[in-house]
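[1] sequence first, then the predicted structure, then my questions.
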Amino acid sequence: MDYFLDPLSLEKPKSSGPKLARGTLNFLSFQLTVTSIISLDLADEEPVDQKKYLEDSCKPKCVKQLRNYEACVKRIQGDETGHKHCTGQYFDYWSCIDKCVAPTLFAKLK
């Protein structure tokens, strides 16, 4: 049985390197195997988008723009024509959040 294919094996193949007594463990090989298995598991995970978390932390700093947007939405709620909109206030709110997030986000990017 090849030790590198089975990390729980207690003996190395007889054909390569020094022979180990049955029941002993080559710690360095085991450590390398476990490390490579852990690395493979971490590589399979999806990267987490940090921007979402940074945006959440910046939203309290942009309350004024959010209130302006909410007030606009309330004002135009009864508009039947569809000509009134709150696009400006919406973009002001997200622009504030983007300005807050940008320095921290770009510092974290690799």
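    Cool, the structure landed.
[2] is it true that residue 101 touches residue 56?
    No: look at residue 101 against residue 56 with C-beta atoms under 8 Å: they stay out of range, at 9.8 Å. In this view, the C-beta of every residue, glycine as well, is placed from N, C-alpha and C.
[3] out of those two, which sits in the busier spot?
    With neighbours defined as other C-beta atoms under 10 Å, residue 101 and residue 56 compare such that residue 101 has more, 20 against 11.
[4] so residue 81, which state does it fall into?
    For residue 81, the assignment made with DSSP: H, G, I helix; E, B strand; the rest coil gives coil.
[5] how many neighbours does it have?
    As a burial measure, residue 81 scores 6 neighbours (other C-beta under 10 Å).
[6] roughly how far apart are it and residue 104?
    Distance check for residue 81 against residue 104: by C-beta to C-beta, to the nearest Å, it reads 42 Å.
[7] give me the element residue 99 is part of.
    If you go by DSSP states H and E, residue 99 is part of helix 87-108.
[8] helices or strands up against that helix?
    helix 50-58, helix 63-75 (3 or more C-beta pairs under 8 Å, 6 or more residues apart in numbering; DSSP states H and E).
[9] count the neighbours of the residue nearest to residue 72 when sequence neighbours are not counted for me.
    Nearest non-adjacent residue to residue 72, counting by C-beta to C-beta, 6 or more residues apart in numbering: residue 86, 3.8 Å away. Residues lying near residue 86 (other C-beta under 10 Å) number 18.
[10] in which helix or strand does residue 85 reside?
    Short version, using DSSP H and E: residue 85 is in no helix or strand.
[11] for it, which non-adjacent residue is spatially closest?
    The shortest distance from residue 85 to any non-neighbouring residue, by C-beta to C-beta, 6+ apart, is to residue 76 (7.0 Å).
[12] between the helices and strands packed on helix 87-108, which one is closest to residue 96.
    The closest of the helices and strands packed on helix 87-108 to residue 96 is helix 63-75. By C-beta to C-beta, the value is 4.9 Å.
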